[in-house]
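In: How does the following fold in three dimensions:
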Amino acid sequence: MNNLSAKKLNSVYQFILILKKHSGLSIGIFILFAFAFISLSPLFITYIEPNKMDLLARLSPPSNEHILGTDHLGRDVLSRFVAAIPVSLGAALFAMMVILAIALPWGLVAGIIGGRVDAIMMRMADIIMAFPTLIFALAIIGFMGASLEASIIGVAAAWWPSNARMIRALVLAAKEREFVRAARLAGASHLRIIFRHIMPQILPPLTVIISLETASVLLALSSLSFLGIGAQPPTPEWGAMLNEARPFFTQALHMLLVPGLAVTLAVLGLNLVGEGLRHILDQREPYKW
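Out: The predicted model follows:
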């Protein structure tokens, strides 16, 4: 038991050393944890209902009653900002899960099997990649109708081919390792090679890709909502809040600053985490956990 406790303390100590050495990673983790904490704050703090309108208080500046002011319909900006965190970040994370659900098996199968199967699968991905990403997403949203769900599907459909190509490249590099060749010569099945030898190699760099790509997906979903074809009113979402604030830029700057800073900080946090992980993985002597 004492030995197990010592190992846990050593792991915690190693993690603290990593955070001290990589300040960008520390800042990114702090930003993401701050968003998570704020999103959970309604469990122990009572906010004004996000969609509650008070036309007499519309476009009010920050005050004791409304800490971040109100919007053009008299709704509390702070409440809408807090309510938008799980919507905006949750949509980006869910879209990334959909992308991985398609790209990961696609890239694994293409990289492991190779040959004609690989060529056919990659040409299919290339056909989708030939279309501009946002244009392809807009076409899907136009077919399904403007909504947050449609924007998630559109972004996922446009994003997965590039991720599948990156996963395939990781698999091609991993399967050339000597122990993978030995397993293949020993008669190991494709599934055994994938789960016992390939996945442990590609998961660390894949984690970096996921972090960086999630930031791009968040920015794309916010952009679609800003254009009015993503999340629809009265759903609190950062991009939609920016769209609502645009006509009142000179009258109520706080309406624009709050969701704008939220998107900026969320993207910054995800990018800092991704870059920090990449720097750790690039070291010649990786940390031992």
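
In: What is the burial count for Pro204?
Out: A total of 14 residues lie near Pro204 under the criterion other Cβ atoms under 10 Å. Glycine gets a C-beta too; all of them are placed from N, C-alpha and C.

In: now do the one 3 residues further on
Out: Residues lying near Thr207 (other Cβ under 10 Å) number 15.

In: Equivalent analysis for Leu203, please.
Out: By other Cβ under 10 Å, 11 other residues sit near Leu203.

In: how much space between it and Leu104?
Out: Distance of Leu203 to Leu104, given as Cβ to Cβ, to the nearest Å: 10 Å.

In: Repeat that for Ala150.
Out: Note on Ala150: its distance to Leu104, by Cβ to Cβ, is 23 Å.

In: Check Ala83 too.
Out: 32 Å.

In: Next: Ala174.
Out: Separation of Ala174 from Leu104 (Cβ to Cβ): 14 Å.

In: Give the helix, strand or coil label for Leu218.
Out: Taking DSSP: H, G, I helix; E, B strand; the rest coil as the rule, one finds Leu218 in the helix state.

In: how about it, what does it touch?
Out: Ser88, Leu89, Ala91, Ala92, Val263, Ala266, Val267, Leu270 (Cβ atoms under 8 Å, 6 or more residues apart in numbering).

In: and the second one, how many residues sit next to it?
Out: Leu89: 22 surrounding residues under other Cβ under 10 Å.

In: Quickly find the element holding it.
Out: Per DSSP states H and E, Leu89 falls inside helix 77-113.

In: Packing partners of that helix?
Out: Applying 3 or more Cβ pairs under 8 Å, 6 or more residues apart in numbering; DSSP states H and E, we find helix 77-113 packed against helix 23-40, helix 115-129, helix 148-174, helix 190-193, helix 199-226, helix 238-245, helix 253-281.

In: Adding distance to Ile141, write those out as a markdown table.
Out: Below are those laid out as a markdown table (distance: least, Cβ to Cβ, whole Å):
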| stretch | distance to Ile141 |
| --- | --- |
| helix 23-40 | 26 |
| helix 115-129 | 16 |
| helix 148-174 | 5 |
| helix 190-193 | 37 |
| helix 199-226 | 7 |
| helix 238-245 | 13 |
| helix 253-281 | 19 |
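
In: Lowest average pLDDT across these?
Out: Per-stretch mean pLDDT for those is lowest at helix 190-193 (a mean of 78).

In: What are the buried residues along that helix?
Out: Using 16 or more other Cβ atoms under 10 Å as the test for burial, helix 190-193 gives Ile193.

In: And for stretch 170-181?
Out: Leu170, Val171, Ala174, Lys175, Val180.

In: out of the helices and strands packed on helix 77-113, nearest to Leu138?
Out: Of all those, helix 148-174 sits nearest to Leu138, with 7.0 Å by Cβ to Cβ.

In: Name the residues of that closest one that are buried.
Out: Applying a neighbour-count criterion of 16+ other Cβ under 10 Å, one finds 148, 150-168, 170-171, 174 buried in helix 148-174.

In: Which neighbouring elements make contact with that helix?
Out: Counting contacts by 3+ Cβ pairs under 8 Å, 6+ apart, helix 148-174 packs against helix 77-113, helix 115-129, helix 133-144, helix 199-226.

In: Might you quantify the distance of the last one from its chain's geometric centre?
Out: Spelled out, that is helix 199-226. Offset of helix 199-226 from its chain centre (Cα atoms, centre = their mean, to the nearest Å): 5 Å.

In: could you check the angle helix 148-174 makes with that helix?
Out: Angle, helix 199-226 to helix 148-174, by axes from the mean of the first three to the mean of the last three Cα atoms, to 10 degrees: 150 degrees.

In: pLDDT at Glu285, what is it?
Out: At Glu285, the model reports a pLDDT of 43.

In: Hmm, I typed the wrong one, I wanted Val12.
Out: On pLDDT, Val12 comes in at 52.

In: How about Leu68?
Out: Looking at Leu68, its pLDDT reads 92.

In: how close does it sit to Glu237?
Out: According to Cβ to Cβ, Leu68 and Glu237 sit 16 Å apart.
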